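[1] Give me a model of this one.
(2 chains)
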Amino acid sequence: MSAAEPEIAIRVRGLRTSFGEHVVHENLDLDMHKGEILGVVGGSGTGKSVLMRAIIGLQAADTGEISVFGESMIDRDDTETVELRKRWGVLFQGGALFSTLTVAENIGVPIREFYPQIGVELRDEIAAYKIRMTGLPATAGPKFPAELSGGMKKRAGLARALAIDPDLLFLDEPTAGLDPIGAAAFDEQTRQLQQTLGLTIFLITHDLDTLYTICDRVAVIADKRVIAVGTIDELLATEHPWIQEYFNGPRGRAALSSKGASAHKERKSTGKDEG
Amino acid sequence: MNQPAQFSIEPGQEGQGDRLCFTGSLSISSLGDLSNELEQLSGPIGTIDIGQIEHIDTIGAWIVHSQSVKWQCPVNGADADAQRLIDAVQVGDEGADSAGLRARQLPPLQRILGEIGESVSLAGHTLLGLIGFLGATLLTMGTLIRHPSHMRWNAVIQRFEVVGVKALGIIGLMSFLIGIVIAQQGAVQLRQFGMEVLTVNLVGRLTFRELGVLMTAIMVAGRSGSAFAAQIGTMKLTEEIDAMRTIGVSPMEALIMPRIMASVVMMPLLGFYSSIIAIIGGGFLCAVSLDIPPVTFIQRLREVVPLHDIWIGLIKAPVFGLIIGMTGCFQGLQVKANAEEVGLRTTAAVVQAIFMVIVLDAVFAVLFTWVGWT
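    All right, here's what the predicted structure looks like:
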């Protein structure tokens, strides 16, 4: 890694959001670098999804500054942010596929909306290869979301999020509700896509394995703000009780040991090159 | 900032076809009409050169890849990024079937015949389903009579409020206006015979016998029948109904019966209320524009409206209520798969309820005339 200051993809300063009396974030700061996978963790109800919604403009912030790729998101209406919105894709928790459209049509929607000049045939071709790229079988294309399993819905949602080749991807608990094998495959897919397409990924997760295997850095939300950002090793060095409990709890240790084992294996197999 | 994607054809080596050179930014935002123009190429193309491009994304890579497949030629000049993307879409191409994404369109005649067949079979199934549902409702009713403790009185009372009490305002307003319209239109016609006083007969008999209950049924179908279908349909989509079953709560007892009971009990009350308000409306018009004072109006009403007119209305109303409640709940339970279905089923619930109410109203009209209640 070069020592130069990394480019900033998302910058949040002094964010405050609330639902009526209930304050979700207070004075929240966050910097996200270009080209990284930033894991966002926090207890249930600490406002991880709200933070994502605030960044993509679905949730109005009370005060504070949010900028994405250097452009401010505050007080901008939809028409002003069209160019910006073309540069990101969002995978919602449940997939949020349009239930009346087939998977292929779902993927076609952002293409049709943002780039109407793309012809129907090319749109179908794009949909077809995106379906394959996200690891779905080709037969999933003409199916309706109700006919898909949970894991396939997530992949279809990912394919839709990637439809117009965004630079920035928001994933809201992508592996929640998947079996461990499916979750690991999804992580692997995410990592591969990130490397192939040069994506910057904002990843909300509860999945410790995901954090250990694919996240470059992790941001921890607690006490209404981001209390720490850094690699897991850096986080482990902090004293905050929640972080300690999170990573050193039984599940955290299990994920760490499995990560250690796999890293060890990897080192072994690539040892020749290094030597 | 990005140059639009363009291509040019340059002559290649003898016998090997031309060179297809891409320039500019091969990305979705600067693609323009490129893919259509590429379609027009007559070829043959020997090599594809992407050494001059500024930027490429997967959509650009896809176009390059599909051209190279089409002409079976190599791609030159790809840098590491471009090659990675082209490899990625190539993997995506394996087994991908863009032609199979859309359903095949049948010829029009076949399609129309097919649609007619489908809707006939659907109508048949709906009718069978409704009869089955009536059976299930009666069975549940039987269970509830044998085990009154299963009755969910809270839910029932709550439905009473939603279906009945909250409808009072709108039904009252509607009935009042209908009473005025009947009286006014009737008076205009009857005046030609000098029989304006018969307006009272018209208003009194028409509202009690027909319009009060019928208009109320239409209003309740629109207000509550649709709500039943949408509520139950959404609960079905979110698996709430399955959850109920697993906890041992019968959806028939907990959801369906309170709604059907509410519409059965509330319909006669609302229908009677509607008739009274319509008569007040008619009386109001008579007093204002026909100079028939309210006391005379009421006196005449007592002379000309036989008691069985009220019975007719009160007998019809619960039957209409049963139909409205049943179609609403039945259609709600038929929801499967997606949100659009909720809308379709809600519409179906209202349309079928109103249709059946009107058909039954005609049957009742014949029936009551036959028994001599004229």
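
[2] Over the helix or strand where B:I277 lies, what's the mean pLDDT, rounded is fine.
    Taking DSSP states H and E as the criterion, the element that holds B:I277 is helix B:257-289. Averaged across helix B:257-289, the pLDDT comes to 94.

[3] Buried residues in it, which are they?
    Under the neighbour-count criterion of 16 or more other C-beta atoms under 10 Å in any protein chain shown, helix B:257-289 has B:257-287 buried. Yep, even glycine has a C-beta here, placed from its N, CA and C like the rest.

[4] helices or strands next to it in the packing?
    Contacts defined by 3 or more C-beta pairs under 8 Å, 6 or more residues apart in numbering or on different chains; DSSP states H and E place helix B:257-289 against helix B:108-146, helix B:153-159, helix B:168-191, helix B:199-206, helix B:212-220, helix B:294-304, helix B:307-333.

[5] To A:L101, which of those helices lies closest?
    Closest approach to A:L101 among the helices and strands packed on helix B:257-289 is made by helix B:108-146 (20.8 Å; C-beta to C-beta).

[6] any idea of the angle the closest one forms with helix B:257-289?
    Interaxial angle of helix B:108-146 relative to helix B:257-289 (axes from the mean of the first three to the mean of the last three C-alpha atoms, to 10 degrees): 100 degrees.

[7] give me the low-pLDDT residue ranges for the stretch 151-275 of chain A?
    The stretch 151-275 of chain A contains residues with pLDDT under 70 at A:259-275.

[8] the strands in it, which residues?
    For the stretch 151-275 of chain A, the strands defined by DSSP state E, counting those that start in this stretch cover A:168-172, A:200-204, A:217-222, A:225-230.

[9] Contacts for stretch A:239-259, please.
    A:41, A:43, A:208-209, A:211-213, A:220, A:222, A:227-228, A:232, A:235-236, A:238 (C-beta atoms under 8 Å, 6 or more residues apart in numbering or on different chains).

[10] can you do 6 Å?
    Residues from elsewhere that reach stretch A:239-259 (C-beta atoms under 6 Å, 6 or more residues apart in numbering or on different chains): A:L208, A:D209, A:Y212, A:V220, A:A222, A:I227, A:L235, A:L236.

[11] Could you find the closest non-adjacent residue to the first one?
    Spelled out, that is A:L208. A:A255 (3.8 Å; C-beta to C-beta, 6 or more residues apart in numbering or on different chains).

[12] Quick check: the one you found vs A:A183, distance?
    The gap separating A:A255 from A:A183 is 12 Å, by C-beta to C-beta, to the nearest Å.

[13] Name the residues of the stretch 151-275 of chain A found near chain B, please.
    With C-beta under 6 Å from any C-beta of the partner chain as the criterion, the stretch 151-275 of chain A comes near chain B at residues A:I164, A:D165, A:T196.

[14] who wins for neighbours among those?
    Using other C-beta atoms under 10 Å in any protein chain shown as the neighbour test, these are led by A:I164, with 26 neighbours.

[15] ok, that one touching A:P110?
    Yes - the criterion here is C-beta atoms under 6 Å, and A:I164 meets it with A:P110 at 5.2 Å.

[16] Next up, the contacts around the spatially closest residue to B:A339 that is not a sequence neighbour.
    Spatial nearest neighbour of B:A339, excluding adjacent residues (C-beta to C-beta, 6+ apart): A:S99 at 5.2 Å. A:S99 makes contact with A:P145, B:N338, B:A339, according to C-beta under 6 Å, 6+ apart.

[17] give me the low-pLDDT residue ranges for the stretch 1-150 of chain B?
    B:1-2, B:12-16, B:43, B:92, B:95-104.

[18] how about the strands in it?
    Under DSSP E, counting those that start in this stretch, the stretch 1-150 of chain B gives strands at B:6-10, B:18-26, B:45-56, B:75-76.

[19] what residues are up against B:S224?
    B:S224 touches B:V163, counting by C-beta under 6 Å, 6+ apart.

[20] And B:V350, how close does it get to A:A128?
    With C-beta to C-beta as the criterion, B:V350 and A:A128 are 40 Å apart.

[21] chain center to the helix or strand A:V90 falls within: distance?
    Per DSSP H and E: A:V90 is located in strand A:88-91. Averaging C-alpha positions (C-alpha atoms, centre = their mean, to the nearest Å) puts strand A:88-91 8 Å from its chain's average.

[22] Does that strand reach chain B?
    No - shown here: strand A:88-91 not in contact with chain B (C-beta under 6 Å from any C-beta), separated by at least 12.3 Å.

[23] any idea which of the strands of the stretch 151-275 of chain A is most buried?
    Most buried of these, by mean neighbour count (mean count of other C-beta atoms under 10 Å in any protein chain shown): strand A:200-204, with a mean of 25.

[24] can you list contacts of it?
    A:9, A:34-35, A:37-40, A:48, A:168-173, A:194.

[25] Let me know the angle separating it from strand A:217-222.
    Going by the same axes, to 10 degrees, strand A:200-204 makes 40 degrees with strand A:217-222.

[26] ok, strand A:200-204: who's next to it in the sheet?
    Using DSSP bridges, the strands paired with strand A:200-204 are strand A:37-42 (parallel), strand A:168-172 (parallel).

[27] Which one of the ones you listed lies nearest to B:G204?
    For B:G204, the closest of the strands paired with strand A:200-204 is strand A:168-172, at 64.2 Å, according to C-beta to C-beta.

[28] Residues contacting the closest one, please?
    Contacts for strand A:168-172 (C-beta under 6 Å, 6+ apart): A:9, A:49, A:52, A:88-93, A:161, A:199-204.

[29] what packs against the helix or strand where A:R132 lies?
    Using DSSP H and E, A:R132 sits in helix A:120-133. Contact partners of helix A:120-133 among helices and strands, from 3 or more C-beta pairs under 6 Å, 6 or more residues apart in numbering or on different chains; DSSP states H and E: helix A:103-114, helix B:80-93.

[30] And the average pLDDT for the first one is what?
    Right, the one you point to is helix A:103-114. The average pLDDT within helix A:103-114 is 87.

[31] quick one: that helix to chain centroid distance?
    20 Å.

[32] Helix, strand, or coil at A:S67?
    Under the three-state scheme (DSSP: H, G, I helix; E, B strand; the rest coil), A:S67 adopts strand.

[33] got a list of what it touches?
    Counted by C-beta under 6 Å, 6+ apart, A:S67 has contacts A:R11.

[34] Now do it, the pLDDT please.
    pLDDT, A:S67: 85.

[35] contacts for stretch B:347-357?
    By C-beta under 6 Å, 6+ apart, stretch B:347-357 touches B:217-218, B:221-222, B:225-226, B:229, B:320, B:323-324, B:327-328, B:331.

[36] burial of A:P180, as a residue count?
    A:P180 has 10 nearby residues by other C-beta under 10 Å.

[37] now do the one 4 residues further on
    The local packing count at A:A184 equals 16, with neighbours defined by other C-beta under 10 Å.

[38] Report the spatially nearest residue to it, omitting neighbours in sequence.
    The shortest distance from A:A184 to any non-neighbouring residue, by C-beta to C-beta, 6+ apart, is to A:D209 (7.0 Å).

[39] if I look at that neighbour, how far off is A:L30?
    Taking C-beta to C-beta, one finds A:D209 at 23 Å from A:L30.

[40] Thanks a lot, see you next time.
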